[in-house]
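Chemist: here is my input; please provide its structure:
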Amino acid sequence: MSFNKILVAVESSPIATHAVDVGVELARSLKSEIALIRVTAPPIAYGADAGISVNELMAQARQEDKRL
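Modeler: As a prediction, this is how the structure comes out:
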């Protein structure tokens with residue numbers, strides 16, 4: 001069996017970090033591409049209640065993406 005592309009979900013938990021490591025090694029051994037994805041709740045869902053603008057929430061999400 002071979003895989004051309006591997007998709008790995010990322011977040012800040014230790015098990016997700018391990019999953020990225022495994023995904024990278026798998027992609028290397030199979031000479032395949034790897035893509036990382038992170039899913040967040042829509043900012044509109046909690047921004048108004050928190051008193052934070054959607055733009056600020058999006059900026060925070062981008063910073064978290066870079067950190068991960």
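Chemist: quick one: contacts for the nearest residue to E11 once chain neighbours are set aside?
Modeler: With sequence-adjacent residues excluded and distances taken as C-beta to C-beta, 6 or more residues apart in numbering, E11 is closest to R38, at 6.4 Å. All C-beta spots, glycine's among them, are computed from the backbone N, C-alpha and C. Applying C-beta atoms under 8 Å, 6 or more residues apart in numbering, we find R38 in contact with A9, V10, E11, E64, D65, L68.
Chemist: what strand or helix carries E11?
Modeler: Using DSSP states H and E, E11 is not contained in any helix or strand.
Chemist: just give me the neighbour total for it.
Modeler: Residues near E11, counting by other C-beta atoms under 10 Å, number 14.
Chemist: I'd say it and E64 touch.
Modeler: No - under the criterion of C-beta atoms under 8 Å, E11 makes no contact with E64, lying 9.3 Å away.
Chemist: what residues of the helix ranked longest in the chain count as buried?
Modeler: Determined from DSSP state H, the single longest helix within the chain is helix 14-30. The neighbour-count check on helix 14-30 (16 or more other C-beta atoms under 10 Å) flags V20, G23, A27 as buried.
Chemist: gap between the first one and F3?
Modeler: Okay, so that is V20. 16 Å (C-beta to C-beta, to the nearest Å).
Chemist: circling back: put together TSV for the contacts of R38, with distance to I52 on each row.
Modeler: Rendered in TSV, the data for the contacts of R38 read as follows (distance: C-beta to C-beta, whole Å):
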residue	distance to I52
A9	25
V10	23
E11	21
E64	14
D65	17
L68	20
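Chemist: any chance of those residues in CSV, plus pLDDT and distance to S53?
Modeler: As requested, the contacts of R38 are exported to CSV (pLDDT from 0 to 100; distance: C-beta to C-beta, whole Å):
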residue, pLDDT, distance to S53
A9, 91, 27
V10, 88, 26
E11, 85, 24
E64, 83, 17
D65, 81, 18
L68, 77, 23
